[in-house]
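Asks: have a look at this prediction, sequence included:
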Number of protein chains: 2
Amino acid sequence: MAGTLRRTPLSRDRILRAAVALADQAGIESLSMRNLAQELGVVPMALYKHVANKDELLDGMIDVIVGEIDPPTPGADWKPAVRAGILSARQALRRHPWAPLAIEARNMATPAILAYLDSTIGTLLAGGFSVDLAHHVMHALGSRILGFSQELFDTSRDAGRTGASEPDPPAPLPPEVAARFPHVAAIATAASHDDASVVGQGCDDQFEFEFALDLLLDGIERLRQQGWTSSGRPGPGHQGG
Amino acid sequence: MAGTLRRTPLSRDRILRAAVALADQAGIESLSMRNLAQELGVVPMALYKHVANKDELLDGMIDVIVGEIDPPTPGADWKPAVRAGILSARQALRRHPWAPLAIEARNMATPAILAYLDSTIGTLLAGGFSVDLAHHVMHALGSRILGFSQELFDTSRDAGRTGASEPDPPAPLPPEVAARFPHVAAIATAASHDDASVVGQGCDDQFEFEFALDLLLDGIERLRQQGWTSSGRPGPGHQGG
DNA sequence: GAATCTAGGTGTACGGCGTACACCTGTCAA
DNA sequence: TTGACAGGTGTACGCCGTACACCTAGATTC
């Protein structure tokens, strides 16, 4: 029969790639097993021959993305190395706005994530960090180490929802809100006119990310130089007043 | 008719409280309009006379929790004031393990969140921060300002899943993982024996949270003292090598 | 070549979800 | 008495994830 054209057969890898693409362009909320199957020209249950269930699908998608990150090159100075790794992670994740939430929702140590963390820790240890300090540093960097700062109001989250990719205008905070929360208003309005390079947009995500990152890295470097130890440490102070 | 005992009537507030309680004890994933209605002895559609839809329900739940945070007391020294506010936020959120993800999933400026942010910003401005620096600081603190650090692996996320609240033992990282990721293993094992106060548990969440928080606050204080300005600033450096 | 195995795609069906919409009922104002 | 209206009800629709039985084509074995 001439009509039985066999499309390239399914495979776990093909499924994961299609899933990532679908989430990218249609939003994670419209990634269903059914939609994904249709995209692949296949019946929904066919997917289950390659992934155990939807959670495992999500884990796989995460690994695909994390695999795109190039880890810090060992041997170099720890600070620029870690910094570059984190910025690379950020760039990888920015292509997939749904990823941060997905990663957090399934707080799982997938192999790809572990590999990335391991190489980062390795860079720290090679840079003269004690195991203890390296541990705390990893916590301090938190999710930033994977390239997302988990802003409270993350505008990039909505991307891909509509398909169109206009960065949607500033939405300059309604006056009754400004009246009730004057300090918020002060910051919001200051940010929008101050900087020539950030016309229109509320603020420059990349700048804010690097600001916080460098704040941490600088503090960390200071602790390292001081030979930080957890007892009697001269590091971040616990004092109350 | 004696049989028509009228239970206390529904109200938006009663619904929100019941929803929070249900999410606390059964996990956010089993908070459905149907379950919630049953909990309240009412038919599912009854809820829609008080909340527009499930998203609005979630927003309301978030506001209930954020409302429990006591904001930094103005007038005091900015650093201990902000620190205390953030630790209070952390404590409030720790009672509701589902809250961080819910807050991030619906990146919305609810009134309660705005109020909290506003008072925090106010404290900064009163403490001598420029509007610009205050802005960057808020970004740098990120979600930490609401009391969660968004760890990559957040053990508290699972709480309430089973109903029992044993803190479930360390789960000491299977040997094949340890072999493949030696640096991760080094940190994981070091953390578990090193500190007498943290027996069994991998590491002390509270300590890590405060470590990162103080790292940031100390760096911020340094910038403030130097009279940080966005151009030609002596703050966190952008240098690559 | 025929029988058998098996990997992988199919079809049907179930229970759960959010919620639109029409409906009923008790309360209270006019 | 009437009528409006706030608020609880019942039914139904379309979506979801996925269990389970089935089919089918190619490989394996004799």
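Replies: On my side now, so go ahead. Since the model is a prediction, treat every value here as computed from it, not as a measurement.
Asks: show me what the helix or strand hosting A:D132 is packed against.
Replies: Following DSSP states H and E, the helix or strand that holds A:D132 is helix A:131-141. Secondary structure elements in contact with helix A:131-141, counted by 3 or more C-beta pairs under 8 Å, 6 or more residues apart in numbering or on different chains; DSSP states H and E, are helix A:111-126, helix A:205-225, helix B:182-194, helix B:205-225. (Each C-beta comes from the backbone N, C-alpha and C, glycine too.)
Asks: residue closest to the middle of chain A?
Replies: For chain A, the residue nearest the mean C-alpha position is A:F148 (3.5 Å; C-alpha atoms, centre = their mean).
Asks: what's near enough to touch it?
Replies: Counting by C-beta atoms under 8 Å, 6 or more residues apart in numbering or on different chains, A:F148 touches A:R90, A:L93, A:A99, A:P100.
Asks: between those residues, which is nearest A:A37?
Replies: A:A99 (21.9 Å; C-beta to C-beta).
Asks: that closest one: neighbour count?
Replies: When neighbours are counted by other C-beta atoms under 10 Å in any protein chain shown, A:A99 registers 24.
Asks: what does the pLDDT read for it?
Replies: According to the prediction, A:A99 has pLDDT 94.
Asks: residues touching it, list them.
Replies: Contacts for A:A99 were tallied using C-beta under 8 Å, 6+ apart; they are A:I62, A:I65, A:L93, A:F148.
Asks: let me see the contact set for the third one.
Replies: Think A:L93. Contacts for A:L93 (C-beta under 8 Å, 6+ apart) come out as A:I65, A:A99, A:P100, A:L146, A:G147, A:F148.
Asks: could you list which of the residues you listed belong to helices?
Replies: Judged by DSSP state H, helices contain the following of the contacts of A:L93: A:I65, A:A99, A:P100.
Asks: the first one contacts A:P97, doesn't it?
Replies: Right, the one you point to is A:I65. No. Between A:I65 and A:P97 there is no contact under C-beta atoms under 8 Å: 11.2 Å.
Asks: compare these two (neighbour count), which wins?
Replies: Under the neighbour definition other C-beta under 10 Å, A:I65 and A:P97 were set side by side, and A:I65 has more, 25 against 21.
Asks: how far away from the center of its chain is stretch A:63-81?
Replies: Here stretch A:63-81 shows a centroid-to-chain-centroid distance of 14 Å under the convention C-alpha atoms, centre = their mean, to the nearest Å.
Asks: how about it and chain B, touching?
Replies: Yes. Under the criterion of C-beta under 8 Å from any C-beta of the partner chain, chain B is reached by stretch A:63-81 at A:D77, A:P80.
Asks: for that stretch, how far is the first residue from the last?
Replies: 22 Å (C-alpha to C-alpha, to the nearest Å).
Asks: repeat that for stretch A:69-85.
Replies: This stretch, stretch A:69-85, spans 8 Å end to end (C-alpha to C-alpha).
Asks: out of the helices and strands packed on helix A:131-141, which comes closest to DNA strand D?
Replies: Comparison of those against DNA strand D by C-beta to the nearest atom of the strand identifies helix A:111-126 as nearest, at 21.0 Å.
Asks: now that closest one against helix A:205-225, angle please.
Replies: 40 degrees (axes from the mean of the first three to the mean of the last three C-alpha atoms, to 10 degrees).
Asks: and helix A:111-126, what does it pack against?
Replies: If contacts are counted by 3+ C-beta pairs under 8 Å, 6+ apart, helix A:111-126 sits against helix A:54-66, helix A:78-94, helix A:131-141, helix B:175-180, helix B:182-194.
Asks: which among the contacts of A:F148 gets closest to chain B?
Replies: Chain B has its nearest neighbour among those in A:P100, at 8.0 Å by C-beta to the nearest C-beta.
Asks: what does chain A put close to DNA strand D?
Replies: By C-beta under 7 Å from any atom of the strand, the residues of chain A that approach DNA strand D are A:S30, A:L31, A:S32, A:M33, A:R34, A:N35, A:P44, A:M45, A:Y48, A:N53, A:K54, A:D55.
Asks: for chain B, see how far away the first one is.
Replies: Meaning A:S30. Using C-beta to the nearest C-beta, to the nearest Å, we find A:S30 at a distance of 15 Å from chain B.
Asks: find the nearest non-adjacent residue to that residue, please.
Replies: In space, A:S30 comes closest to A:L22 once its chain neighbours are excluded; the distance is 7.7 Å by C-beta to C-beta, 6 or more residues apart in numbering or on different chains.
Asks: which SSE is that neighbour in?
Replies: According to DSSP H and E, A:L22 maps onto helix A:12-26.
Asks: run the chain-centre distance for the helix or strand following that helix.
Replies: Later in the chain than helix A:12-26, the nearest helix or strand by DSSP H and E is helix A:33-39. A distance of 25 Å separates the C-alpha centroid of helix A:33-39 from that of its chain, computed with C-alpha atoms, centre = their mean.
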